[in-house]
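J.: Can you look at this prediction? I've put the sequence above it.
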Amino acid sequence: MAWVAAILAVVIAIAAMGWAVWTRRHSNTRGPTGGGAAASMIAHEMKNPLMAIKGLAATGRRHYDSMSEDERREFFELINEEADRLILIIEQTAMAMRIEARDVEYDVRPETVADLIEEVVERASLGKHPIEIEIEPDLTVRCDRVRTAEVLASLLDNAAKFSPESSPISVRAFRNDRDAVIEVEDLGPGVAPEDRERIFERYASTRPRGYEEIPGAGLSLFISRAHVNAQGGSVRADGAVGDGGTILRLRLPVEVRSAG
């Protein structure tokens, strides 16, 4: 059973280091999204996966010998999922700190939108959500491929988390004047008009109705907007046509090829 203690020790050590770095950086932060309020939010989000891992480890220690191979495999998968959730919180917090310190560099160059979207969709974890893709041919933008892929992955993740299981997610890309527009649309309850800017704030706690318990540090859309703005683009949330639904709309500069 040494593996149980080893996993728990590593996870706690990672969490402790992440928390120490974050608190040092934000100890003097003031405002509604800084200081004590932000610290409380991050502590809560880190505590949940840690408690889940601790509970799984304790149960595994007590019942390991009587578990079937399938049950043991399920325990490993659950521990892995909770550890991934904790690591994501730490990584997002570190990126938010880098953004605030203006310590993020962008390698902007021409990228084909179709290739970018297909790459992100192929790697995305969308559960049972079918995905519908419609991309204008020969659409090229100027962007940092890695950061823009992270933004698209974040938009898809939000669409999957805040819409009914098995409901479709639509991805569309087309040219509009000097911009390429990429839309990610879901069939969830939608975001209230007064909250459509708040969801992009640092440590945003806004959730659609019925999805209030979905975990998250409220950093993914804040980070996404920062990456997009730094590349000369924009991202916003709009209501979908019809009953409910949200369209996360990303704009990036089109790559203009010179004649000849």
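T.: Sure thing, it's come through. Numbering: from 1, shown residues only.
J.: quick one: the helices in the stretch 101-250 of the chain?
T.: 113-123, 145-161, 220-230 (DSSP state H, counting those that start in this stretch).
J.: Quick one: those as TSV, columns for mean neighbour count too.
T.: Any C-beta I mention is one placed from the backbone N, CA and C, and that applies to glycine too. Formatted as TSV, the helices of the stretch 101-250 of the chain follow (neighbours: other Cβ atoms under 10 Å):
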stretch	mean neighbour count
helix 113-123	16
helix 145-161	21
helix 220-230	21
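J.: Can you tell me the closest non-neighbouring residue to Gly245?
T.: Once flanking residues are discounted, Gly245 sits nearest to Leu187: 5.1 Å by Cβ to Cβ, 6 or more residues apart in numbering.
J.: Just the local confidence number for that neighbour, please.
T.: The pLDDT attached to Leu187 in the predicted structure is 93.
J.: do you know how far it is from Ile117?
T.: 19 Å (Cβ to Cβ, to the nearest Å).
J.: where does the chain have low pLDDT?
T.: Flagging of the chain using pLDDT under 70 yields the residue ranges 1-49, 60-61, 242-243, 257-260.
J.: Apply 50 and report the result again.
T.: Scanning the chain with the threshold set as pLDDT under 50 gives 1-3, 5, 16-17, 19, 22, 27, 29-33, 35, 260.
J.: And the strands in it?
T.: 108-112, 131-135, 140-144, 169-176, 179-186, 234-239, 246-253 (DSSP state E).
J.: Same list (these) but as CSV, adding distance to Ala94 and mean neighbour count.
T.: What follows is the strands of the chain, written out as CSV (distance: least, Cβ to Cβ, whole Å; neighbours: other Cβ atoms under 10 Å):
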stretch, distance to Ala94, mean neighbour count
strand 108-112, 22, 15
strand 131-135, 30, 13
strand 140-144, 18, 22
strand 169-176, 28, 17
strand 179-186, 25, 22
strand 234-239, 21, 17
strand 246-253, 23, 22
